[in-house]
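Participant: Give the three-dimensional model of this entry:
(2 chains)
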Amino acid sequence: MIDIAWDSFTPWSALLGGVLIGLAAASFILLNGRIAGISGILGGLLVPRSGDIGWRAAFMIGLIGAPAAWIMMAELPPIQIEAGFPAIVIAGLMVGIGTRYGSGCTSGHGVCGLSRLSPRSLVATLCFMGTGFVTVYLIRHAFGG
Amino acid sequence: MKYSLAAFGSGLIFGLGLLVSGMANPEKVLGFLDIAGLWDPSLAFVMGGAILVGVFAFAIARKRTLSFLGYHMKLPASDRVDTRLVVGSLMFGAGWGIAGFCPGPGLVALGAGEIKAAVFVASMIAGMVIFETVESSRRSTQ
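Facilitator: Next up, the predicted model:
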């Protein structure tokens, strides 16, 4: 039986945010002709090729600058990070290596890949969602609970 | 210039979307991944909303060889499922479950001035550099 956390359930802001993410992916493919995959865009900056740096940097500046644009209009929503520093470092390494090895993350495979109905991205999404669920279960219930 | 400006716009809207949706908050993400606890299904609506728009955009994109700004469409050619895809994605998901950060939200939280997000992003970039180093040494021995 699944217990729903009704107090923290925010379907409307989630849907609105999702539509914005979809619009960003839409504008990137329709204007730039590229897949809005965050890990791929960042990863490409680490092995820079000429003519391939500017747009990647511009995308990253927009993404990282979003909170700065936000605070001109409203107060930032909460960002709660429970994990300690050692866990953060391990998580970062795994996300960095895993997304490059698997050629994508939540944006490239999850949003763009599923929108393209790509079987490859469906497999990737099922894999990372799967280990995401299992890892949280192990940390919160098997070992931590 | 036009190309980079459009990329900047996409990045900005993407980041605002992550903030509105709650995905930039790791606690919210872990609430979604924690089915055995009190489950917060909100993030399924994020994916749903994004894909709802994305399906139309990519249906249009598939029919075009040039983008609306006149650039070549760079859609992934490969549809092959291989070991690299599976192993990499499994590893990414485990890392995602540890801290509640995937790449986009980590970068947005960094922009919000969170120290832990800065450490996450630095570690993620280190991971990507490790991948590139291993890949290039693998290529050079072949």
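Participant: Mind jotting down where the strands sit in chain B?
Facilitator: Ranges of strands in chain B, per DSSP state E, are B:38-39.
Participant: Could you do chain A as well?
Facilitator: Going by DSSP E, chain A shows strands at A:3-4.
Participant: what about the helices in it?
Facilitator: Shown for chain A, the helices assigned by DSSP state H span residues A:11-27, A:38-46, A:54-71, A:85-101, A:114-115, A:119-137.
Participant: any chance of those in TSV, with mean neighbour count, distance to chain B and mean pLDDT too?
Facilitator: For every residue, glycine as well, the C-beta is placed using N, CA and C. Output for the helices of chain A, formatted as TSV (neighbours: other Cβ atoms under 10 Å in any protein chain shown; distance: least, Cβ to the nearest Cβ, whole Å; pLDDT from 0 to 100):
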stretch	mean neighbour count	distance to chain B	mean pLDDT
helix A:11-27	23	2	98
helix A:38-46	22	4	96
helix A:54-71	20	2	98
helix A:85-101	23	2	98
helix A:114-115	22	3	96
helix A:119-137	21	3	97
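Participant: how about those, which one is nearest B:Ala57?
Facilitator: Closest of these to B:Ala57 is helix A:11-27, at 3.3 Å (criterion: Cβ to Cβ).
Participant: ok, back up a step: of all the helices of chain A, which one is nearest B:Ala6?
Facilitator: Across those, closest to B:Ala6 is helix A:11-27 (Cβ to Cβ), at 6.9 Å.
Participant: what's the spacing between the closest one and its chain's center?
Facilitator: 13 Å (Cα atoms, centre = their mean, to the nearest Å).
Participant: With just CA atoms, put stretch A:6-26 into PDB.
Facilitator: Output in PDB follows, covering the C-alpha atoms of stretch A:6-26 (Å, rounded to 0.1, in the frame of the first residue of the first chain):
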ATOM      1  CA  TRP A   6      -0.800  15.000   0.600                       C
ATOM      2  CA  ASP A   7       0.800  17.900   2.500                       C
ATOM      3  CA  SER A   8       3.800  18.100   0.200                       C
ATOM      4  CA  PHE A   9       1.900  17.100  -3.000                       C
ATOM      5  CA  THR A  10       2.100  20.000  -5.500                       C
ATOM      6  CA  PRO A  11       0.600  18.900  -8.800                       C
ATOM      7  CA  TRP A  12      -0.100  22.300 -10.300                       C
ATOM      8  CA  SER A  13       3.400  23.900  -9.800                       C
ATOM      9  CA  ALA A  14       4.900  20.600 -10.800                       C
ATOM     10  CA  LEU A  15       2.900  20.600 -14.000                       C
ATOM     11  CA  LEU A  16       3.600  24.200 -14.700                       C
ATOM     12  CA  GLY A  17       7.300  23.700 -14.100                       C
ATOM     13  CA  GLY A  18       7.200  20.600 -16.300                       C
ATOM     14  CA  VAL A  19       5.600  22.600 -19.100                       C
ATOM     15  CA  LEU A  20       8.300  25.200 -18.900                       C
ATOM     16  CA  ILE A  21      11.000  22.500 -19.100                       C
ATOM     17  CA  GLY A  22       9.100  21.100 -22.100                       C
ATOM     18  CA  LEU A  23       9.100  24.600 -23.700                       C
ATOM     19  CA  ALA A  24      12.800  24.900 -23.100                       C
ATOM     20  CA  ALA A  25      13.500  21.500 -24.700                       C
ATOM     21  CA  ALA A  26      11.100  22.500 -27.600                       C
END
